[in-house]
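Chemist: quick one, fold the following:
(chains A and B)
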Amino acid sequence: MNQSLNPLITTVTKTTCPYCGVGCGVRASMQADGQLAISGDEQHQANAGRLCVKGSALAETVSLDGRLLHPKIRSNKSGADSQAQRVSWDQALDKVAQGFGKIIAEHGPDAVAFYVSGQLLTEDYYIANKLMKGYIGSANIDTNSRLCMSSAVAGHKRAFGADLVPVCYEDLELADLVVLVGSNTAWCHPILFQRIARAKEARPEMKLVVIDPRRTATCELADLHLPLKGGTDVWLFNGLLSYLSRQGATDHGFVAAHTNGQEAALQAAQGCGDPEQVAKICKLDVQDLLSFYSMFATTEKTVTGFSQGVNQSSSGTDKVNSIINCHLLTGRIGKPGMGPFSITGQPNAMGGREVGGLANTLAAHMELDQPVHRELVQNFWNSPAIASKPGLKAVDLFHAVERGDVKAVWIIATNPIVSLPDADQVKRALSKCELVVISDIMEKTDTNAFADVLLPAMGWGEKDGSVTNSERRISRQRAFLSAPGEARADWHIMCDLARRMGYSGFDFSAVHEVFDEHARLSAYRNDASGVKRFFNLAALTGMDKQAFDALQPVQWPLSASADGAEKTGVARLFTDHIYAHADGKARFIATMPKAPANATSEEYPLVLNTGRVRDQWHTMTRTGKSARLADHVPESFIDMHPQDALLFGVREGALARVASHWGSLVARVQHNGGIARGSIFVPIHWNGQSASDARVGALVNPVVDAVSGEPEFKHTPVRVEEFPVSWHGFVFHRGELALDDIAEISHWTRIQGQQFTRYELAGRLQINAPGQWARTLSGVTDEDADWLEYLDASAGVYRAVHLVDDRIQTCVFLSPRPDLPARTWLAGLFPKDRLEDADRIGLLIGQPIERGADTGATICSCFGVGRNTICAAIREKNLRSVPQITSCLKAGGNCGSCVPELKKLLTEMQVQIAA
Amino acid sequence: MMSAPAPSPPLSAPMPTPADMPATPPAAAKPRLVVIGNGMAGMRTVEELLKLAPDLYDITVFGAEPHGNYNRILLSPVLAGDKGIADIMLHTHEWYAQNGIRLHAGDPVVKIDRRRRIVYSASGKEVCYDRLLLATGSKPFIIPVPGHTLDGVIAFRDIQDVETMLEAARNHRHAVIIGGGLLGLEAANGLLRQGMTVTVVHVADSLMERQLDKPAAALLKKALEEKGLQFLLSADTAEIIGPDRVTAVRFKDGTEIPADLVVMTVGVRPNIELAKEAGLHCERAIVVDDTLQTYDPRIYAVGECVQHRKATFGLVAPIWDQAKVCGAHLAGAGHRRYVQQATATKLKVTGVDLYSAGDFIGGESSEDLVLRDPRRGIYKRLILKDRLLVGAVLYGDVKDGPWYFDLIQSKTDIAAMRKHLLFGQALCMQAA
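Modeler: Have a look, this model is predicted:
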């Protein structure tokens, strides 16, 4: 089933991990047996050789199973003829070019859009942005980074004048106090968390405070966990600002010399000056709150790390600024071991920001609304156009698609039908859209179902370019596998299209040329005479292929061009207290606390919070391929407080429906112990390919932050209700099953196993003839197939196993209760080429049946007494006659046919004993 | 349904004898026990009696067959050639002598005079009794179709029948077994082993329908066919054809098959003529109470000739139980009651593992657990009623049969084991 991978080279390739924003260095090598070996790169500054479980399992995700390998066109996406047909690249790109060209000609450039991804390499991102903003002439290019860190970008821009992350990873280790806000770092940025953990181990006096409504794995290491009520962060940090001011923690010299806006910010924070009241609003213990405030006030070296818990909010930008305010007031920025730190979610969210991959930025940290910036960029590109106003941000973009304002959209390396809020709206939008082009590595995703044109992109291990991690470190992602099928690099696809649309400026022959242009743009007129920007890769310009291939991880900015010399970047920004605002000062932003946009109601009394699990990534298109990763959390779940479960009539382990005003999903109820009453948590990963009805995006309110446009993923009013089923089941199958059209199945989850696919099932309709049903499901038509089954009809229990040549092929287990056997042992049988009888006898019970002591060949078959048992009894109990044996073991007591053998045994044993 | 048993009369005080009874023993002499039937049931009862009271009675045994007591169940292995006659002898003539028992083998009793307490044998012997034990067993049923008396038409009941079959196997080719029950299949297997071409004719549509459900019967049929047996199911015999010796069997649909030997194994009839003529209350068999006493308090009955609470008996296990109870009562230790237990069946055919116990038919209120593994030739079905196991049919893997049988007999509450029950004792013990 696995198509073999095609290695480019046999030596070790150094590359970077394609998952979170930590950006760990990875060593990939092909072993003699053709297996890919993955290990951490000791020389990479981010991880120094360590990898988390997702990174370690990368080798399991590069198989070609399910890959999109050829361009395809779907002629009629809603009709019966919805199967996409394979076409040539020329046909596919012509269709895209003509489609885009026609729509632009008829409706103007703003009638088309790109929706791209933090999974793209910087070079891909650069071309996409250049094509849209400089040639098509619209800013309708947004990215899924909008969903995770656009509030941080906006906060940075407001405070510092540009999207600048002041700190580096080392600051987390140098700090005496690390505050993690809305960040389950332990699961989402495991290597960074381990760096914190090790630093804390070395210096136990170092403190960790975790601020999160959930008691996450990150809290296990925390000295203090503040389980604040979701959405009350600004109260908390305004309260802190006010407290710091009152406690005399203000760095007056710094504030006066290098900041603006302190008074307004303090004034705004005044309303949060009473810790008692703040504690009440945030639902915190006032002593805990004061303890945090006091720690913060008295600890100079403080880093405040924040992630999606802060960003994904209708007041996300204010939350970011309320945090930065506290650092500005205390002057804790630009020095080792301190500063506000946006920990990004995606491998190249930062790279995307650098090239201007968001609808409201231009390129190279320049702004759309600045004529000087536009002139500079257009001049550099020598492009026919330049977008002059911000484009549509993600949520607005798909509303515009639904309205018909945007008629063509090109979605690249992202899965918006799963990941966007009000995701069913995205379905509606795409099904109406005139031209949907999708570039992806996977053939089947929820979004691909709506594509008119499918373009096969290269995946990790195949593509080549650069990424930037959360600490501004640019690292190379290098190819070590050749492109499968007809897959192409994203930058390459877009350049082809641009040329087809008649644009010059896209004649790149290799990826290093794209990077060079990007670096040159960053350095272009980057001085007082032009537009002075922090983002400057001057030292990285002019690299040929060899130099680009040899590029070592380095942090920007790198201003001086050091020809051939060691390129050293800048670990932390603002050491000279100069900021990117025109006056060189940082700005306090007055932040007014604001409740989440949608409050709970009688109809929707609970708050839905969403997030990641440890071993999955985004919409599982890659991590979902790994059996090892699937083991950690195999199914989507609803984590809730046991008392809430009682109140809403749902039970742990049973399925329940979560419904919001926008949509609903079904998942299994869990009590993980980390959820306060009144809220629930559902993971973001499950989608239409991995479960029948578990897309949390469908429920999330499409409310966005007014400044950043980032959706409020962490706060949607919902209700939870019972999802009654009449049976539960699971199926392991060596291959894939089509479950959607089977009437009896009301809910399924698909889980990748090693050499099998596991399906967890539940249904409302009774299965009347389970034997026939299971055979049909498994595709077994042969009456004489090796089909084992167990039926307890009145209890509704059915189990069957299908073997082919003693190799397990399928197993089906059904029960009216969720009391099915553990899956582990059965799963372990699939890699076996032949099942021993010892395994076979346990199949229908789903566990190994321990072999009893060897009783020897049966002597008395009426009572099943074996030779060894009889001999042992003769010896131990000194039996001398057949009736004695019978009274002791029953043997010989019925038909008596074994009596002669018993007599013989008696004689034998007596000889033995005498000897 | 019988009422509570009448108390056994005290043996120490001999019963009052009518004036016309000539044969009252002298006061010092031992009471006389006469046993009619030198088979497994009768002799087992005598053994049980001797264990408890070795010198209580003066014992006389009449047997119709000329042998000592042998294990009738093992006639099948003898026919199959796995055992010899000597291997199946339970009690030799010496044994009778050693225990002071007078044995009249080959001399059936022809009449009982209950009033005078005398039995009369075919050879003219008259023996008085104080206690009489009827163990007359049963006789095979011969379907009275035309030709049923021809040469070569026999039953499968005793050593004589085995000898006839072995003789036929030496000189003839085609054997037809009429009756696809336990005994018929064993006979068929034995004759096949002796080199004959064997067809089993069965009136029902599945084999051993009293012990097996249809899926198990189908597996059994397949296994036996693989051994070389042929089957005609739903076949109703119309006539046995032949001039002197049988040559063919004809069915009601007109078809015929060649036959040099016809063995009828279509069931047995309790042997009760003697008892009936003696005026003992009989229904289908001699009616006994829980102490195995008949309506005549001096007369006991055990084995295949008795009817206890509507049931008659053919398998060995209940008869062993009866022997124990009856022996105890004869010994004067009259505290035991016979209680019917579920029974278990095994087929004695090499390479066929089959175990059936209890009520395998079930009914509306019973529940089934079924396991099938056709590749390994395994079929298991357990029948539950309320919280009890009431029946089991095992094919292919019978090692848990005795355990299930125990659970049936001991009426163990299996509710907690239900999930694991069909997967065997080892797992249930492991899970407990």
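Chemist: make it CA atoms for all contacts and neighbour counts henceforth
Modeler: OK.
Chemist: what about stretch B:245-261, start to end distance?
Modeler: Here the two ends of stretch B:245-261 are set 8 Å apart, with distance taken as C-alpha to C-alpha, to the nearest Å.
Chemist: now do stretch A:448-464
Modeler: From start residue to end residue, stretch A:448-464 stretches across 24 Å - C-alpha to C-alpha.
Chemist: on the three-state scheme, B:Glu239 is what?
Modeler: Look at B:Glu239: counting by DSSP: H, G, I helix; E, B strand; the rest coil, its state is strand.
Chemist: show me the residues around the nearest residue to A:Leu368 once chain neighbours are set aside that make contact.
Modeler: Using C-alpha to C-alpha, 6 or more residues apart in numbering or on different chains and skipping residues adjacent in sequence, the residue nearest A:Leu368 is A:Leu362, 5.0 Å away. A:Leu362 makes contact with A:133, A:355-356, A:368, A:374 under the criterion C-alpha atoms under 8 Å, 6 or more residues apart in numbering or on different chains.
Chemist: among those, which pair sits farthest apart?
Modeler: Farthest-apart pair in these is A:Val355 and A:Arg374; separation 13.8 Å (C-alpha to C-alpha).
Chemist: which one's more surrounded, the two?
Modeler: A:Val355 (27 against 22; other C-alpha atoms under 10 Å in any protein chain shown).
Chemist: let me know the pLDDT of that one.
Modeler: A:Val355 is assigned 95 on the pLDDT scale.
Chemist: so it sits against A:Thr122, correct?
Modeler: Yes. With contact defined as C-alpha atoms under 8 Å, A:Val355 reaches A:Thr122; the gap is 7.1 Å.
Chemist: so which strand or helix has the closest residue to A:Met592 other than its chain neighbours?
Modeler: Once flanking residues are discounted, A:Met592 sits nearest to A:Ala268: 6.1 Å by C-alpha to C-alpha, 6+ apart. Applying DSSP states H and E as the criterion places A:Ala268 in helix A:262-270.
Chemist: state the mean pLDDT of that helix.
Modeler: Mean predicted lDDT for helix A:262-270 stands at 97.
Chemist: in the stretch 501-650 of chain A, which spans are helices?
Modeler: For the stretch 501-650 of chain A, helices defined by DSSP state H, counting those that start in this stretch occupy the ranges A:511-523, A:545-549, A:627-632, A:642-648.
Chemist: out of those, which one sits most buried?
Modeler: Of these, the one with the most neighbours on average (mean count of other C-alpha atoms under 10 Å in any protein chain shown) is helix A:511-523, at a mean of 22.
Chemist: before we move on, the earlier item: filter the contacts of A:Leu362 down to just the ones in strands.
Modeler: Among these, no residue falls in strands (DSSP state E).
Chemist: so for the following helix or strand past the helix holding A:Ala268, what gets flagged as buried?
Modeler: Under the assignment DSSP H and E, the closest C-terminal helix or strand after helix A:262-270 is helix A:275-281. Within helix A:275-281, the residues that qualify as buried are A:275-279, counting by 16 or more other C-alpha atoms under 10 Å in any protein chain shown.
Chemist: now what about helix A:275-281, what contacts it?
Modeler: A:229, A:232, A:235-236, A:239, A:272, A:285-286, A:289-290.
Chemist: show the subsequent helix or strand relative to that helix.
Modeler: Next along from helix A:275-281, by DSSP H and E: helix A:286-298.
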